[in-house]
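Q: generate a structure from the sequence data that follows.
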Amino acid sequence: WLVAGSGVAVAALLVLLAGDPALHPGVVPLVAPVLPLWPALAVLAGLVPAFAAPPVPPLTRTAPEPAP
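A: The predicted structure is shown next:
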């Protein structure tokens with residue numbers, strides 16, 4: 001649930017913070033836009049699953065039974 005919830009939280013926060021003018025930079029004159037703090041933190045919340053999700057179990061193969 002934590003993995004799915006973090007995805008929903010990131011999507012909701014970015015929708016709420018989409019009104020920030022820095023997220024819609026102009027093209028003339030061509031300059032690098034500033035990075036707003038709150039949308040950047042919302043994207044960082046997307047890293048939660050990297051640490052919260054359980055590790056993938058290793059693949060184990062069983063040898064086939066020899067034919068009689």
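Q: how many other residues sit next to Leu13?
A: By the measure other C-beta atoms under 10 Å, the count of residues near Leu13 is 17. (Glycine included, C-beta is placed from N, CA and C.)
Q: read off the pLDDT value for it.
A: Per-residue confidence at Leu13 stands at 82 (pLDDT).
Q: one more: Ala40?
A: On the pLDDT scale, Ala40 gets 80.
Q: so how far is Val27 from it?
A: 22 Å (C-beta to C-beta, to the nearest Å).
Q: those two: who's more crowded?
A: More crowded of Ala40 and Val27, by other C-beta under 10 Å: Ala40, with 10 against 6.
Q: quick check: that one vs Gly7, distance?
A: Ala40 is 17 Å from Gly7, by C-beta to C-beta.
Q: try Pro64
A: Relative to Gly7, Pro64 is positioned 40 Å away (C-beta to C-beta).
Q: between the two, who's got more neighbours?
A: Gly7 (14 against 6).
Q: now that one: phi and psi?
A: In terms of degrees, to the nearest 10, the main-chain angles of Gly7 are phi -70, psi -40.
Q: surely it meets Val43?
A: No - in this structure, Gly7 is not within contact of Val43 by C-beta atoms under 8 Å, at 11.6 Å.
Q: secondary structure class for the residue nearest to the spatial centre of the chain?
A: Closest residue to the average C-alpha location of the chain: Gly46 at 3.3 Å, with C-alpha atoms, centre = their mean. Using DSSP: H, G, I helix; E, B strand; the rest coil, the secondary structure recorded for Gly46 is helix.
Q: which strand or helix spans Pro33?
A: Under the criterion DSSP states H and E, no helix or strand holds Pro33.
Q: the closest residue in space to it that isn't next to it in sequence - how many residues pack around it?
A: Excluding the flanking residues, the one nearest Pro33 by C-beta to C-beta, 6 or more residues apart in numbering is Pro25, at 3.8 Å. Pro25: 11 surrounding residues under other C-beta under 10 Å.
Q: who's in contact with the helix or strand harbouring Ala40?
A: Here Ala40, judged by DSSP H and E, is contained in helix 37-44. Helix 37-44 is contacted by residues 9-10, 13-14, 17, 20, 23 when judged by C-beta atoms under 8 Å, 6 or more residues apart in numbering.
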